[in-house]
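1. Following is a predicted model, sequence given first.
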Amino acid sequence: MPEIPQGEFARRRQRLMRAIGPDSIIVVPAAHERTRNRDVEYPFRQDSDFLYLTGFPEADAVAVLVPGRPAGEYILFCRDRDPTQETWQGRRAGPDGAMETYGAECAFPIEDIDEILPGLMENRAVLAAPFGRDEPLDQRLFGWVNQVRAKARNGVRAPHEFVAVEHHLHEQRLFKKAPELKLMRHAAAISTQAHVRAMQACRPGLTEFAVEAELLHEFHRYGTETAYPSIVGGGENGCILHYIENRAALNDGDLLLIDAGCEVQGYASDITRTFPVSGRFGERQREVYECVLAAQLAAIEQVRPGNDWDTPHVAAVRELTRGLKELGVLKGRLDKLIRDQAYRPFYMHRTGHWLGLDVHDVGDYRVGDAWRQLEPGMVMTVEPGLYFGPYSEAPKELRGIGVRIEDDVAVTRDGHEVLTAHCPKTVADIEACMGGDLPGWN
Ligand code: GLY
Ligand code: MN
Ligand code: MN
């Protein structure tokens, strides 16, 4: 499995320190474990900002960056070694492990943070932290600042400029470097295999959760986790955008919409495919599908430097609206229908989002008054759809059809790379894959 090399984490920390400036102290906390119900915790997921900077996998740690500090710029507070706790809860790196394995220049038990951190803040002008995200943390941060303020008469300066660390960190995270793209390709390949497995397992009478199990089987056998709860929606359940119940039986003659992806070392993939439960598209289903596919291909075509964030969405909307006319759902002049957003009852979301350590990844979509320009290293999803749910005013024969097609697309120097390109997508490829006769898929 590809990995982010330790040197890359160090470069990320250096970039962040350069961005925030030499007279600063930067504090980024790990995630906490969270209780699901009595004595049961949710599976632990590291905070993405913390993971990006440290690669450190444990809860209840705090990374501190102090640019130019002679005794070490990168300090990690983490849970101390503890034979009893480790016997019950699992292994810990401890401060020694944090230095040996994770590149911390100094490391201390988390219990010592109140004693040590105010000292590190002394004579630093800027305190950068994720203010406003976690109230107890905010209180502790300002408590530490006040401790430093109390030493003013000894000539000690306390931080007086408070910076949202995300402002700098998220800009950095938006641009994926080569080792990150490698992980994202890997996640995309496993998710592709999972979708193929689901297509090949699917048949009428199966339940949505049984198909979900096929996805999970593929994710877990490569040691990955789901990047988000899988959406497995048959028939009109495919028209519920965030359907995660996955409890219904699958009917012959319905479509099945699956939106599922794994994450590899935190890096997400996010694929949607829609296919017939029986393995063969009906005529109207095929027409809707071809319309969404045309929109998706038109949008992907627009992913390149020089275009902005909105360009693919505009291209998708144009194709979808054209298709809605052909399907007999909308009537009128194409430009006016687009201007009036007549497609909205059937296409109510945008065409994508940034993708990375978070499935809906960080990074600004607008800069000032303008949509953001696409640049190499950005990764986004392209995911148009059409939904004719039970409430829609579409012709009766379209009701219950929900189609979304979603791929993960990296912006490259001269265009784009579809990370999920091997996941069957044309009608012919899907039908061949489900029939087991697409070379390479069985
Ligand atoms: N799976 C979440 C999304 O497509 O945005
Ligand atoms: Mn998505
Ligand atoms: Mn998705």
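-> Arrived safely, thanks for sending. Ligands and ions are numbered 1, 2, ... in the order given.

2. mind listing the strands for the stretch 301-442 of the chain?
-> Taking DSSP state E, counting those that start in this stretch as the criterion, the stretch 301-442 of the chain carries its strands at 366-367, 370-371, 379-382, 385-388, 401-404, 407-412, 415-418.

3. could you dump these to TSV with distance to ligand 1 and mean neighbour count?
-> Just so you know, the C-beta spots here come from the backbone N, C-alpha and C atoms, and that holds for glycine as well. Conversion of those to TSV gives the following (distance: least, CB to the nearest ligand atom, whole Å; neighbours: other CB atoms under 10 Å):
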stretch	distance to ligand 1	mean neighbour count
strand 366-367	19	11
strand 370-371	19	12
strand 379-382	6	27
strand 385-388	10	26
strand 401-404	8	26
strand 407-412	10	23
strand 415-418	16	18
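
4. Would you reformat those strands as a markdown table and include distance to residue 233?
-> Formatted as a markdown table, the entries for the strands of the stretch 301-442 of the chain read as follows, by distance: least, CB to CB, whole Å:
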| stretch | distance to residue 233 |
| --- | --- |
| strand 366-367 | 32 |
| strand 370-371 | 31 |
| strand 379-382 | 18 |
| strand 385-388 | 10 |
| strand 401-404 | 7 |
| strand 407-412 | 19 |
| strand 415-418 | 24 |
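
5. Select, out of the ones you listed, the one closest to ligand 3.
-> Closest to ligand 3 of the strands of the stretch 301-442 of the chain is strand 379-382 (CB to the ion; 6.5 Å).

6. does the closest one come close to ligand 3?
-> No - when contact is scored as CB under 5 Å from the ion, no part of strand 379-382 falls within range of ligand 3; the minimum is 6.5 Å.

7. Could you list the residues in contact with that strand?
-> 176, 181, 184, 270, 296, 299-300, 303, 312, 316, 351-356, 361, 406-411, 419 (CB atoms under 8 Å, 6 or more residues apart in numbering).

8. Any regions of this structure where pLDDT drops low?
-> 437-442 (pLDDT under 70).

9. try 50 this time
-> Counting by pLDDT under 50, the chain has low-confidence residues at 442.

10. So what's the residue count around residue 83?
-> Counted with other CB atoms under 10 Å, the neighbours of residue 83 add up to 7.

11. Repeat that for residue 293.
-> Taking other CB under 10 Å as the criterion, the count of residues near residue 293 is 19.

12. same question, residue 178
-> Other residues near residue 178 number 8, with proximity taken as other CB under 10 Å.

13. mind listing what it touches?
-> Under the criterion of CB under 8 Å, 6+ apart, residue 178 has no contact partners.

14. Close to ligand 3: what parts of the protein are there?
-> So the chain meets ligand 3 at 259, 270, 406 (CB under 5 Å from the ion).

15. quick one: which of those residues is nearest to ligand 2?
-> Looking at the residues of the chain next to ligand 3 and their distance to ligand 2, the nearest is residue 270, at 4.2 Å (CB to the ion).

16. do you know how far that closest one is from residue 12?
-> In this view, residue 270 and residue 12 are 23 Å apart by CB to CB, to the nearest Å.

17. between these two, who's got more neighbours?
-> Neighbour totals were compared for residue 270 and residue 12, and residue 270 leads with 29 against 19 (other CB under 10 Å).

18. residues contacting the residue of the stretch 101-250 of the chain found nearest ligand 2?
-> When distances are taken as CB to the ion, the stretch 101-250 of the chain reaches nearest to ligand 2 at residue 228, 8.4 Å away. Residue 228 makes contact with 261, 268, 270, 359, according to CB under 8 Å, 6+ apart.

19. same thing with residue 358?
-> 48, 268.

20. And it, its phi and psi?
-> With angles defined as degrees, to the nearest 10, residue 358 shows backbone torsions of phi -110, psi 150.

21. Now the residue nearest the centre of the chain: closest residue in space that isn't a chain neighbour?
-> When the chain is reduced to its mean C-alpha position, the nearest residue by CA atoms, centre = their mean turns out to be residue 359, at 1.2 Å. What sits nearest to residue 359 in space, not counting adjacent residues and going by CB to CB, 6 or more residues apart in numbering, is residue 268, at 4.3 Å.

22. same deal with residue 373?
-> With CB to CB, 6+ apart, the residue lying closest to residue 373 is residue 308, at 5.3 Å.

23. that older thread, can you list which of the contacts of strand 379-382 are found in helices?
-> Among the contacts of strand 379-382, the members falling in helices are 181, 184, 296, 299, 300, 312, 316 (criterion: DSSP state H).

24. mind checking which helix or strand the residue of the stretch 101-250 of the chain closest to ligand 2 is in?
-> When secondary structure is defined by DSSP states H and E, residue 228 falls outside every helix and strand.

25. roughly how far apart are it and ligand 1?
-> Relative to ligand 1, residue 228 is positioned 5 Å away (criterion: CB to the nearest ligand atom, to the nearest Å).
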